[in-house]
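Enquirer: kindly generate the corresponding structure for this input.
(one chain, ligands or ions: 1)
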Amino acid sequence: MSRRIAIVGAGFAGLAAGVELARQGIAVDIFEASRTLGGRARKVDGDELVLDNGVHILSGAYRETLRLMHLVGAPRTGLLRLPLALEFPGEFRLQAPRLPAPLHLASALLTARGLAWSDKAAAVAFMRRMRQARFRLDSDTTVSTLLASQPEAARRFLWEPLCLAALNTLPERASAQVFLNVLRDSLAAKRAASDLLLPTIDLSSLLPIPAARYIETHGGRVELGRRVTRIQRTPTGFAIDEQGAYAQAVLAVAPQHLPALIGEFPELAALTRQVGSFVWEPIVTCYLAYPETVRLPQPMLAVLRGTAQWLFDRGQTHGQAGLIAAVISASRRQQDTAAEDLAREIDAEVRAVVPSLPTPRWQRIITERRATFACTPNLSRPQTPTAVPGLHLAGDYIAGDYPATIEGAVRSGTFAAQSVIDQFASDQV
Ligand SMILES: Cc1cc2nc3c(=O)[nH]c(=O)nc-3n(C[C@H](O)[C@H](O)[C@H](O)COP(=O)(O)OP(=O)(O)OC[C@H]3O[C@@H](n4cnc5c(N)ncnc54)[C@H](O)[C@@H]3O)c2cc1C
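Expert: All right, here's what the predicted structure looks like:
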């Protein structure tokens, strides 16, 4: 009987599942609707330069992503590793020294510029309290409620930017428990886990392309430009668009694409309702190409009271001198703002950091309306195995510790591969 597995979707989750199955000697066929690998973290070909659909930051806590990158031989230079640093120019600066944990964090907080001593002491006490509670809450709440007793400056400069960067959800709506999971695995873990990892190559080349190559050299197939429209049960497993004999299948599409694929399985009606209740958060990325001499003081800066929350210097990360990328997270206003107006607002924000800035040569705005699910308290997220034996789910929205991130997607893919293997084992009993 065939042991071949069908995987629908070649984002980070589907590719992680494919690599993990290939590693264990199980061949996969991956079907991807787009002509580009990577899903919501992919390269976008510009007229002059290769861009990404959005700037992505990884962290030293992305254990599974880093393991997979190593396994598939992803370029070692694809990530720039920097000690945790957070800078609002002229207002706040925090940098973790290269000291062992937890001294690196205590020292970063205590030496931060822009916080009063009482703010620093409150931030250190908060982390100590959370560590004592093992970063577990008795019941989930919002990040704003969790931080209610923190001083205003600690919230504004430290906790709220971290919340928005990690959960892409405003603190007043974001899950405190998921926020604490992120703090536990990054700030409160070993020093290297708190490092920022900035891609230096396009997102498709970072992991998806080497992953696809690994899968193909291990007997698998990756088909681009192939939108799956139908999955059927057969006597021996599943058929994809009425073709193929697959023992099992992994659906690694984003949640909004799931209902169209599972409509033929009445036992999955509850799953359709569950993902149908998700709310989405957008991310807008504005690229401004200045003359090559333009440079930010750091590869990444935070913006206070701006339209953008972060500015990135692609010259310092990607060798694209003069190209500044501004990221606007979780804001529903900017996704509907006219491109010209948005570019003007962002240009003014870059101008506040770089004196005598020339006008941009060109601009490009990429809006991802469904960048991530809103990571709200007590959100009910689906499990990996479904009610249909042999049909599994992977994606950043699957139940787990993490918000919608590359690491969440990769972990879900690895779990899906394990779920496939468990199913083979239980079929043999
Ligand atoms: C602008 C932006 C910025 C972000 N910033 C960060 C960040 O800084 N750090 C971070 O860790 N995460 C970030 N994220 C989140 C991260 O990109 C996602 O969590 C992750 O990429 C999701 O991967 P996935 O595989 O679960 O889903 P997806 O990437 O959505 O993959 C699903 C794939 O399925 C394919 N597909 C759908 N339907 C079909 C079908 N019927 N047939 C065949 N194929 C199909 C899609 O084309 C897609 O390629 C960001 C996301 C965006 C959009």
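
Enquirer: can you tell me how far Phe278 sits from Tyr402?
Expert: Counting by CB to CB, to the nearest Å, the separation of Phe278 from Tyr402 is 16 Å. C-beta here means a position set from N, CA and C on the backbone, and glycine is covered the same way.

Enquirer: give me the more crowded residue out of the two.
Expert: Tyr402 (24 against 19; other CB atoms under 10 Å).

Enquirer: how about that one: what's its closest non-neighbour residue?
Expert: Closest residue to Tyr402 apart from its sequence neighbours, by CB to CB, 6 or more residues apart in numbering: Gly408 at 3.6 Å.

Enquirer: wait, that neighbour touches Asp396, no?
Expert: Yes: proximity of Gly408 to Asp396 meets the contact threshold set by CB atoms under 8 Å, at 4.3 Å.

Enquirer: and the helix or strand hosting Ala165, what does it pack onto?
Expert: Element membership for Ala165 (DSSP states H and E) is helix 160-167. In terms of contacts (3 or more CB pairs under 8 Å, 6 or more residues apart in numbering; DSSP states H and E), helix 160-167 is packed against helix 143-146, helix 176-185.

Enquirer: you'd agree the residue nearest to Tyr402 is in a helix?
Expert: Yes: assessed by DSSP: H, G, I helix; E, B strand; the rest coil, Gly408 belongs to a helix.

Enquirer: ok now do it, which residues does it touch?
Expert: 396, 398, 400, 402 (CB atoms under 8 Å, 6 or more residues apart in numbering).

Enquirer: and with 10 Å instead?
Expert: Gly408 is in contact with 12-13, 62, 64-65, 178, 372, 375, 381, 395-398, 400-402, counting by CB atoms under 10 Å, 6 or more residues apart in numbering.

Enquirer: same check on Arg233?
Expert: Listed by CB under 10 Å, 6+ apart, the contact partners of Arg233 are 239, 249, 264-265, 388-391.

Enquirer: now, the contacts of Gly408 that are in strands?
Expert: Secondary structure from DSSP state E places Thr372 of those in strands.

Enquirer: any idea which of the contacts of Gly408 is closest to Ala193?
Expert: Tyr62 (8.9 Å; CB to CB).

Enquirer: how about that closest one, phi and psi?
Expert: According to degrees, to the nearest 10, the main-chain angles of Tyr62 amount to phi -80, psi 60.

Enquirer: so what's it up against?
Expert: By CB under 10 Å, 6+ apart, the contact list for Tyr62 reads 68-69, 79, 185-186, 193, 195, 197, 402, 405-408, 410-411.

Enquirer: domain-wise, how is this structure divided?
Expert: The record's domain split for the chain, according to automatic domain parsing, is 5-74+202-278+377-428, 84-192, 280-373.

Enquirer: nearest to the ligand, of the ones you listed?
Expert: Nearest to the ligand, of all the domains of the chain, is domain 5-74+202-278+377-428, at 2.1 Å by CB to the nearest ligand atom.

Enquirer: endpoints of that closest one, how far apart?
Expert: Its first and final residues considered, domain 5-74+202-278+377-428 spans 17 Å by CA to CA, to the nearest Å.

Enquirer: so the helix-or-strand element of the chain with minimal mean pLDDT versus helix 176-185, what angle?
Expert: Counting by mean pLDDT, DSSP states H and E, the chain has its least confident helix or strand at helix 103-110, which shows a mean of 90. For helix 103-110 against helix 176-185, the angle between stretch directions is 120 degrees (axes from the mean of the first three to the mean of the last three CA atoms, to 10 degrees).

Enquirer: return the set of buried residues in helix 103-110.
Expert: By 16 or more other CB atoms under 10 Å, the buried positions in helix 103-110 come out as 104-106, 108-109.

Enquirer: with stretch 347-363 instead?
Expert: By neighbour count with 16+ other CB under 10 Å, stretch 347-363 contains the buried residues 347, 349-350, 353-354, 357, 360, 363.

Enquirer: pLDDT on it, on average?
Expert: Mean pLDDT, computed over stretch 347-363, is 93.

Enquirer: check stretch 310-330 too.
Expert: The pLDDT scores in stretch 310-330 average 96.

Enquirer: if we can go back for a sec, export the helix holding Ala165 to PDB, keeping only CA atoms.
Expert: C-alpha atoms of helix 160-167 as PDB (Å, rounded to 0.1, in the frame of the first residue of the first chain):
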ATOM      1  CA  GLU A 160       3.800  47.100  24.400                       C
ATOM      2  CA  PRO A 161       6.300  47.100  21.400                       C
ATOM      3  CA  LEU A 162       7.200  43.500  22.300                       C
ATOM      4  CA  CYS A 163       3.600  42.500  22.400                       C
ATOM      5  CA  LEU A 164       2.900  44.100  19.000                       C
ATOM      6  CA  ALA A 165       6.000  42.700  17.400                       C
ATOM      7  CA  ALA A 166       5.400  39.200  18.600                       C
ATOM      8  CA  LEU A 167       1.600  38.900  18.600                       C
END
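
Enquirer: how far does it sit from the chain's center?
Expert: On the basis of CA atoms, centre = their mean, to the nearest Å, helix 160-167 sits 12 Å off its chain's mean C-alpha point.

Enquirer: quickly check: that helix near the ligand or not.
Expert: No: shown here: helix 160-167 not in contact with the ligand (CB under 6 Å from any ligand atom), separated by at least 7.0 Å.

Enquirer: enumerate the residues of the stretch 151-300 of the chain near the ligand.
Expert: So the stretch 151-300 of the chain meets the ligand at 227-228, 252-254, 257, 283, 285 (CB under 6 Å from any ligand atom).

Enquirer: start to end distance for stretch 309-321?
Expert: 21 Å.

Enquirer: ditto for stretch 236-246
Expert: OK, stretch 236-246 end separation, CA to CA: 8 Å.

Enquirer: and it, what's buried?
Expert: Within stretch 236-246, the residues that count as buried by 16+ other CB under 10 Å are 237-240, 244, 246.

Enquirer: pLDDT and secondary structure added to those, as a markdown table?
Expert: A markdown table is the format used below for the buried residues of stretch 236-246 (pLDDT from 0 to 100; DSSP: H, G, I helix; E, B strand; the rest coil):
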| residue | pLDDT | secondary structure |
| --- | --- | --- |
| Gly237 | 95 | strand |
| Phe238 | 96 | strand |
| Ala239 | 96 | strand |
| Ile240 | 97 | strand |
| Gly244 | 89 | strand |
| Tyr246 | 97 | strand |
